[in-house]
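# pasted the sequence and its predicted model underneath.
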Amino acid sequence: MDLSDTPQEAEFRARLREWLGKVLPSLPAKPSPDDWPGRRAYDLGWQRTLYDAGYGEVHWGADPAVRMIFLEETEKAGAPYVGANFVGLLHAGPTVAAEGTDEQRARWLPPVLRGEEVWCQGFSEPDAGSDLAALRTRARRDGDHYVVSGSKIWTSHAEVADWCELLVRTDPDAPKHRGITWLAMPMDAPGVTVRPLRTLAGSNEFAEVFLDEVRVPVANRVGEENDGWRVTMVTLSFERGTAFVGEVVACRRVLGELALAARENGRWDDPVLRRRLGRLNAEFRALWRLTQWNVSEASEGVPGVGGSVFKLRYSHARQELYEAAAEVLGEGGAALDLEQPWVLDRLSSLSYTIAAGTSQIQHSIVAERVLGLPKGR
Amino acid sequence: MRFQLSEDQRALQTGVRGLLAARFGREQLRAALGVGEAPELDRGLWRELGTAGFFSLRLPEEAGGVGLGLPEAVLAFEEAGRVLLPGPLIATQLAAGVVPGAATGETVVTVVDGGGVVEWLGAADVVRGDAEGAAVLRSVDPLTPLHRVADPDSGDRTDVLLTSLLTAAEQLGTAARVCELAAQHARTREQFGRPIGAFQAVQQLCAGILVRVELARAAVYAAAVTVDPVDIAAARLLADEAAVRGARDCLQVHGGMGFTWESDVHLYLKRAWVRARRPGSVTEGEEVLAAALLAEAR
Ligand SMILES: Cc1cc2nc3c(=O)[nH]c(=O)nc-3n(C[C@H](O)[C@H](O)[C@H](O)COP(=O)(O)OP(=O)(O)OC[C@H]3O[C@@H](n4cnc5c(N)ncnc54)[C@H](O)[C@@H]3O)c2cc1C
């Protein structure tokens, strides 16, 4: 059991820290949360900066320990988050890397890494959320194209995406898990309509996507026809297993800020609140240790069910963190001051136990796949 | 960074598990349960543990010890926690090299360490700290006799941090074991024509136990590596929670059977309760962790 950096890791850390110190002060100002084109440009710009400095591939790099260091150091230094690059960098990209052909990797991966193209995820449908395999969006074969019709919902970043990792039903007669195919669909194809949905936070970060006879080349299929469920499991294991881990470092920073704010406004003298923050400190320290443990275990390849264990506890802890933030704010906790970061974060934290598989679904996954309990209903 | 057990650590874990399974399995556990009167310490077992190096694990080889570190001690105590091994194990290991005979298991050592209660006072050959006027306290755990001391601060607090860490290791072992017991029962007990583990409410209880175990494990192992007081406080907090809540949920999964003396679940819960009272408990830990927030954020 070793938690210290190897000489190579220490060197990487030092080099990164120095580079961040140089590059961050000259970064342009953050766009407002509602300015989606601005956010796209900002997020892509940051990815390009990373790429040019040789850090473009750090989320996929062969060495996950290096990724942990990257996440720690960038967060500590206050560097931008992946933002609109979330799907491309953290789960569509890794899926193409693991399951795509050489041509597909050559076509799709470099633009993600260079900060040129944004991806979104078209999995969920109005009647297929937790029961994802019940999806109904149809794709019929017409020569070397699939012709796709149906609709997707809650598609994050759809408004600014170039590509969509899309699940379609290619065999309506097969059992529901057997007739699904994974496609990469260009978002500017004729027949794609994006209609923004308003979130409870008042923002429009996700959308409905309507597909009307959209022609997608067969060459854009990742994996075999009707074998998309297996590919989907790969995507979901990246999404649940590794996509959120960097945020734990951010939560630790927020917790420190909360403590300082509570000392400023006198709330720190309340032992109940103080101890609540202390408990959250234990929680987030341990979540980071769990990340390091999972990373050391699965040092390469597709992450295992450890991701579900992590996601369950993390999504809950994140909500507790921002509940505590509201306590620290006192009466300010009821003010809808969206300039105040904790208010927006409290609202958005509500999605963490829903998106990427609800907590109920994660409980069943852990029970069945880790503990070997019989399949539930 | 490679935060995983090394080959040697895995071998140690397997070795200790094997030794304890052979020497303190379920039959011995049940046999150790007296009916109402105070339990006896098994001196033979204590010496065998000594011979196997359990108490001298962290003593340098020059001093006749095994020469291993805290991570290894944590693994050994986790195994002790899995089988509910009784006795003042931590106090005796911490006394190895200081109190003659502790390292070999000839001398049984207990300690007054600020918690206001002393475990196994009657059975101990040596008491570290001042146990003047100690009075019998009827223990909730039938396998851990307790005394109350008049002045809890009169004790020997030098090893409080290590005691807290090794306590967390024992709690972790207990939590991991109750997780297995809950899952085992859920797989086999049938109601409404199928195993109860197929019901989501039961799946949720079991998965919750496991998640707490995994989080506590990461925290406890990390604290063993860093020996940082804040890490230790976090480890203890999460391990106490994993053991106490895990045992309670395990009892729930066992239904009426879980409420009987015959089932072992209550023994895990009661031991977890007693350990949770040791110094470094929830309130103290939360305060340490809160203070650290201010210190780290500057
Ligand atoms: C902020 C946000 C962003 C999202 N982004 C995307 C995206 O980019 N792309 C995308 O494809 N999807 C996205 N989603 C959709 C998300 O994956 C689904 O919302 C989620 O999988 C749950 O599906 P549902 O909303 O249909 O809820 P339902 O499946 O209808 O569930 C409703 C409730 O019933 C419970 N439930 C359902 N089935 C079971 C069961 N078998 N056992 C126990 N409980 C059950 C659920 O846990 C939940 O509490 C996003 C969602 C949110 C909130």
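Cool, the structure landed.
# all the strands of the stretch 51-200 of chain A, residue numbers only.
According to DSSP state E, counting those that start in this stretch, the stretch 51-200 of chain A carries its strands in the segments A:119-122, A:138-142, A:145-156, A:163-169, A:180-186, A:192-197.
# where in chain B is pLDDT low?
B:35-36, B:152-158, B:298 (pLDDT under 70).
# repeat that for chain A.
Applying pLDDT under 70 to chain A flags residues A:61-62, A:241-242, A:298-304, A:332, A:377.
# any idea how many residues pack against the residue of it found nearest the ligand?
As assessed by CB to the nearest ligand atom, the ligand sits closest to residue A:129 within chain A, at 1.6 Å. In short, each C-beta sits where N, CA and C put it, glycine included. Residues near residue A:129, counting by other CB atoms under 10 Å in any protein chain shown, number 17.
# report the contact partners of residue A:254.
The neighbours of residue A:254, taking CB atoms under 8 Å, 6 or more residues apart in numbering or on different chains as the test, are A:321, A:325, A:342, A:345.
# wait, what's in contact with the second one?
By CB under 8 Å, 6+ apart, the contact list for residue A:325 reads A:254, A:258, A:333, A:342, A:345-346.
# which of these sit farthest apart?
A:254 and A:333 (14.7 Å; CB to CB).
# what about the helix or strand containing residue A:240, near the ligand?
Using DSSP states H and E, residue A:240 maps to helix A:228-241. No - contact of helix A:228-241 with the ligand is not found when judged by CB under 6 Å from any ligand atom; the minimum separation is 9.1 Å.
# same check on stretch B:195-203?
Yes - interface with the ligand: stretch B:195-203 contributes residue B:200 (CB under 6 Å from any ligand atom).
# neighbouring contacts of that stretch?
Contacts with stretch B:195-203, where a contact means CB under 8 Å, 6+ apart, come from A:360, A:363-364, A:367-368, A:371, A:373-377, B:183, B:185-190, B:206, B:253.
# over to stretch A:5-13?
So stretch A:5-13 is contacted by A:65-66, A:69, A:73, B:1 (CB under 8 Å, 6+ apart).
# ok, now with 10 Å
Stretch A:5-13 has contacts (CB atoms under 10 Å, 6 or more residues apart in numbering or on different chains) with A:4, A:14, A:55, A:58, A:63, A:65-66, A:68-70, A:72-73, B:1-2.
# which among those residues count as buried?
Burial by neighbour count, judged by 16 or more other CB atoms under 10 Å in any protein chain shown, picks out A:55, A:58, A:65-66, A:68-70, A:72-73, B:1-2 from the contacts of stretch A:5-13.
# what's the angle from the helix or strand that contains residue A:275 to helix A:228-241?
If you go by DSSP H and E, residue A:275 is part of helix A:271-297. Angle, helix A:271-297 to helix A:228-241, by axes from the mean of the first three to the mean of the last three CA atoms, to 10 degrees: 130 degrees.
# enumerate every residue touching residue A:112.
A:44, A:47, A:51, A:56-57, A:59-60, A:85, A:87-89, A:92-93, A:96-97, A:118-119, A:162-163.
# contacting residues for residue 259?
As the question left the chain open, I've gone with chain A. Neighbour list for residue A:259: A:267-268, A:274, A:277-278, A:280-281, A:328, B:290-297 [criterion: CB under 10 Å, 6+ apart].
# could you do chain B instead?
Listed by CB under 10 Å, 6+ apart, the contact partners of residue B:259 are B:251-252, B:265-266.
# for ChimeraX, what selects the buried ones among the residues you listed?
To isolate the buried ones among the contacts of residue B:259 in ChimeraX, judged by 16+ other CB under 10 Å, type:
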select /B:251,265,266
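# let me know the closest of the contacts of residue B:259 to residue A:291.
Distances from residue A:291 to those, taken by CB to CB, are shortest for residue B:252, at 30.0 Å.
# if we can go back for a sec, in CSV: the contacts of residue A:325, plus secondary structure.
As requested, those are exported to CSV (DSSP: H, G, I helix; E, B strand; the rest coil):
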residue, secondary structure
A:254, helix
A:258, helix
A:333, helix
A:342, helix
A:345, helix
A:346, helix
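# now do the helices in chain A.
Ranges of helices in chain A, per DSSP state H, are A:7-23, A:36-52, A:64-76, A:86-87, A:93-99, A:102-113, A:228-241, A:245-265, A:271-297, A:306-329, A:341-349, A:359-365.
# ok, now which ones touch the residue lying farthest from the centre of chain A?
Ranked by distance from the centre of chain A (CA atoms, centre = their mean), the top residue is residue A:269, with 36.9 Å. By CB under 10 Å, 6+ apart, the contact list for residue A:269 reads A:262-263.
# please apply the same query to the one 10 residues further on.
When contacts are counted by CB under 10 Å, 6+ apart, residue A:279 is found next to A:317, A:320, A:324, B:234, B:237-238, B:241, B:282, B:285-286, B:289-290.
# buried residues in the helix or strand harbouring residue B:231?
Per DSSP H and E: residue B:231 is located in helix B:229-258. Neighbour counts over helix B:229-258 (16+ other CB under 10 Å) mark B:229-251, B:253-254, B:258 as buried.
# residues from chain A in reach of the ligand?
Residues of chain A lying close to the ligand by CB under 6 Å from any ligand atom are A:120-124, A:129-130, A:154-156, A:206, A:351, A:354-355, A:357-358, A:360-361.
# name the nearest residue to residue B:117, ignoring sequence neighbours.
residue B:146 (5.0 Å; CB to CB, 6 or more residues apart in numbering or on different chains).
# that neighbour against residue B:112, yeah?
No - the criterion here is CB atoms under 10 Å, and residue B:146 misses it with residue B:112 at 11.8 Å.
# any common contacting residues for these two?
With CB under 10 Å, 6+ apart as the test, residue B:146 and residue B:112 both reach B:118-119, B:121, B:134.
# would you show me how to pick out the buried ones of the residues you listed in PyMOL?
Buried subset of the shared contacts of residue B:146 and residue B:112, written as a PyMOL selection, criterion 16+ other CB under 10 Å:
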select buried, chain B and resi 118+119+121+134
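# with the shared contacts of residue B:146 and residue B:112 in mind, which one is nearest to chain A?
Comparing those against chain A with CB to the nearest CB places residue B:119 closest, at 25.2 Å.
# just checking, the closest one touches residue B:91?
Yes - the criterion here is CB under 10 Å, and residue B:119 meets it with residue B:91 at 7.7 Å.
# what do these two both touch?
Going by CB under 10 Å, 6+ apart, residues that sit against residue B:119 and also against residue B:91 are B:110-113.
# with these in mind, which one is nearest to residue A:32?
Ranked by distance to residue A:32 (CB to CB), the shared contacts of residue B:119 and residue B:91 are led by residue B:113 at 56.4 Å.
# secondary structure element for that closest one?
Using DSSP H and E, residue B:113 sits in no helix or strand.
# show me what contacts residue A:28?
Applying CB under 10 Å, 6+ apart, the residues near residue A:28 are A:38, A:41-42, A:45-46.
# which of those residues sit farthest apart?
Farthest pair in the contacts of residue A:28, by CB to CB: A:38 and A:46, 12.8 Å.
# which one of these two is surrounded by more residues?
More neighbours surround residue A:46 than the other of residue A:38 and residue A:46, with 21 against 16 (other CB under 10 Å).
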